[in-house]
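1. Quick one, fold the following:
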Amino acid sequence: MAVATDYTWGTGRRKSSVARVRIRPGTGTFVVNKKPMKDYFPMVAHQQECVWPLESIEAAKRFDVFVNVQGGGPSGQAGAVRLGLARALVKFDESNLPALRADGHTTRDPRMKERKKYGLHGARRATQFSKR
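-> Next comes the predicted model:
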């Protein structure tokens, strides 16, 4: 049994989401967690964010994209897919890097949820002050 090795991989992270993205030359199929992207991300803004790196290099119909994403919510997952797809496109062809970098797709968004501290209600929220 032969295993297909013609995929190019990229990993993207955003908030607490992690996306593993595989691409191969094809007809433009976009599958997220074994569902069509439009079913997995019903909001148009999230769909556009996922496809944005392909549109930056004008290759929307030249690649089949397969994504496994977990953790976080839809917004973080869409951002993780965007970064993973951009990294896979750069690995596939280094000449894609300048266009993707110019549009900001290769930069990891470092904003994460701050951890809760002991003695506080949340990361920064303290108990209400009582004068008496």
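2. Which other helices and strands does the longest helix belonging to the chain contact?
-> Scanning the chain for the longest helix, with DSSP state H as the assignment, gives helix 74-92. With contacts taken as 3 or more Cβ pairs under 8 Å, 6 or more residues apart in numbering; DSSP states H and E, helix 74-92 sits against strand 8-14, strand 17-25, helix 44-56, strand 63-70, helix 97-102. (Glycine included, C-beta is placed from N, CA and C.)
3. could I get these as JSON lines with mean pLDDT?
-> Below are these laid out as JSON lines (pLDDT from 0 to 100):
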{"stretch": "strand 8-14", "mean pLDDT": "94"}
{"stretch": "strand 17-25", "mean pLDDT": "95"}
{"stretch": "helix 44-56", "mean pLDDT": "94"}
{"stretch": "strand 63-70", "mean pLDDT": "95"}
{"stretch": "helix 97-102", "mean pLDDT": "93"}
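4. Out of these, which gets nearest to residue 90?
-> helix 97-102 (5.0 Å; Cβ to Cβ).
5. one step back: would you list the helices and strands packed on helix 74-92 in a markdown table and tack on mean neighbour count and distance to residue 131?
-> Below are the helices and strands packed on helix 74-92 laid out as a markdown table (neighbours: other Cβ atoms under 10 Å; distance: least, Cβ to Cβ, whole Å):
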| stretch | mean neighbour count | distance to residue 131 |
| --- | --- | --- |
| strand 8-14 | 20 | 43 |
| strand 17-25 | 21 | 44 |
| helix 44-56 | 18 | 47 |
| strand 63-70 | 20 | 48 |
| helix 97-102 | 15 | 55 |
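6. Next, the contact list for the nearest residue to residue 75 once chain neighbours are set aside, please.
-> Among residues not flanking residue 75 along the chain, residue 46 sits closest, at 6.9 Å (Cβ to Cβ, 6 or more residues apart in numbering). Going by Cβ atoms under 8 Å, 6 or more residues apart in numbering, residue 46 touches 74, 75, 77, 78.
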